[in-house]
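Undergrad: Model the following, please.
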Amino acid sequence: MEKVDYKPFLDLFVGVLFVFLILISAQMFFIRHGDEADRQPDAAVLAERTWRAQVKGFLEHVAGRMRTAAQTVQVDAANASLVVPLDAVVRADAGGQPLVDDTRAAAIAAALAEGLACLRGATKPSPPTACPDTTLLKLDRLSPQIRLSGMPSAAALAPDRFGRLLTALLTAALLRHAPQLLAAEGAPGLPAFRSDEHALVAARPDGDGLAGDLALSFLFARPDGAP
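TA: Residues are numbered from 1 along each chain as shown. Coordinates of the predicted model:
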């Protein structure tokens, strides 16, 4: 009986097994390193996250200065805003005319001025020592805006005009207590502090009394390469 030589078949089997093991190892390598790449954001994403964290930290810092002066304020990090209840800083007299609380306006103005001094390039003097990390923040604009949801029934003005009046009075009060707000530099050639005279007025403002918010909105330039 002729003897069968199985050696070529064994060599072939070993070769195929060797190639198979190499393919499996390569697959495991790419899976492992692909997962690591997915877990590690690129530089632009990381810069965006750091920028957002610095925006929130800055807002919390300014809000903390206001709260130290017993001023009620909420941080709206999603919209880069500080929100003050309108009736905490303005009241209406018997004739429906708005009167700004000078003490409250002074506290808000001082906190804003101290906060702007922490921002890179916004003001000329050296920043205060107790500043949050703002290395990625470049301020384009700071806008006080009235969001009116209720007004005195005795008010003689239409809601939109009443909102404009509130904006003008509050802006004047803030600048009277902290004129250095106008020294802060924003977008090229423009001051950072620019009021938004167009108040946001509810479709049908309640006539039972003054209600709404003063929104202090910060617009920061996004970091280079941010998604």
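
Undergrad: so where do the helices sit in this structure?
TA: Along the chain, the segments classed as helices by DSSP state H run 7-39, 43-68, 102-116, 159-177.

Undergrad: Please identify the deepest-packed of the ones you listed.
TA: helix 102-116 (a mean of 21; mean count of other C-beta atoms under 10 Å). C-beta here means a position set from N, CA and C on the backbone, and glycine is covered the same way.

Undergrad: Remind me what it packs against, helices and strands.
TA: Here helix 102-116 touches helix 43-68, strand 139-152, helix 159-177, going by 3 or more C-beta pairs under 8 Å, 6 or more residues apart in numbering; DSSP states H and E.

Undergrad: Format these as JSON lines; extra columns: distance to Leu99 and mean pLDDT.
TA: JSON lines is the format used below for the helices and strands packed on helix 102-116 (distance: least, C-beta to C-beta, whole Å; pLDDT from 0 to 100):
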{"stretch": "helix 43-68", "distance to Leu99": "20", "mean pLDDT": "92"}
{"stretch": "strand 139-152", "distance to Leu99": "11", "mean pLDDT": "90"}
{"stretch": "helix 159-177", "distance to Leu99": "8", "mean pLDDT": "92"}
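
Undergrad: low-confidence ranges in this protein?
TA: Residue ranges of the chain with pLDDT under 70: 1-14, 33-41, 121-129, 197-199, 202-207, 225-227.

Undergrad: how about the nearest residue to the residue most central in space within the chain, chain neighbours excluded?
TA: Residue closest to the average C-alpha location in the chain (C-alpha atoms, centre = their mean): Ala80, at 2.5 Å. Distances taken as C-beta to C-beta, 6 or more residues apart in numbering put Phe218 closest to Ala80, at 4.6 Å, once the chain neighbours are dropped.

Undergrad: now Thr135
TA: According to C-beta to C-beta, 6+ apart, the nearest residue to Thr135 is Arg120 (6.8 Å).

Undergrad: Quick check on the residue nearest to the centre of the chain: phi, psi?
TA: phi 50, psi 50 (degrees, to the nearest 10).

Undergrad: Do I have it right that it meets Phe220?
TA: Yes: contact criterion C-beta atoms under 8 Å: Ala80 and Phe220 qualify, at 6.5 Å.

Undergrad: overlap in contacts of those two?
TA: Overlap of the contact sets of Ala80 and Phe220 (by C-beta atoms under 8 Å, 6 or more residues apart in numbering) consists of Val55.

Undergrad: that older thread, contacting residues for the residue nearest to the centre of the chain?
TA: The contact partners of Ala80, by C-beta under 8 Å, 6+ apart, come to Val55, Leu59, Ser217, Phe218, Leu219, Phe220.

Undergrad: now Pro223
TA: Ala47, Glu48, Thr50, Trp51, Leu136.

Undergrad: Farthest-apart pair in these, please.
TA: The span of those, defined through C-beta to C-beta, is set by Glu48 and Leu136 at 9.5 Å.

Undergrad: May I see the domains of the chain written out as residue ranges?
TA: 1-40, 43-220 (automatic domain parsing).

Undergrad: Can you give me the neighbour number for Ile146?
TA: Around Ile146 there are 28 other residues, counting by other C-beta atoms under 10 Å.

Undergrad: my guess is it contacts Leu200, does it?
TA: Yes: counting by C-beta under 8 Å, Ile146 does reach Leu200; the two are 7.1 Å apart.
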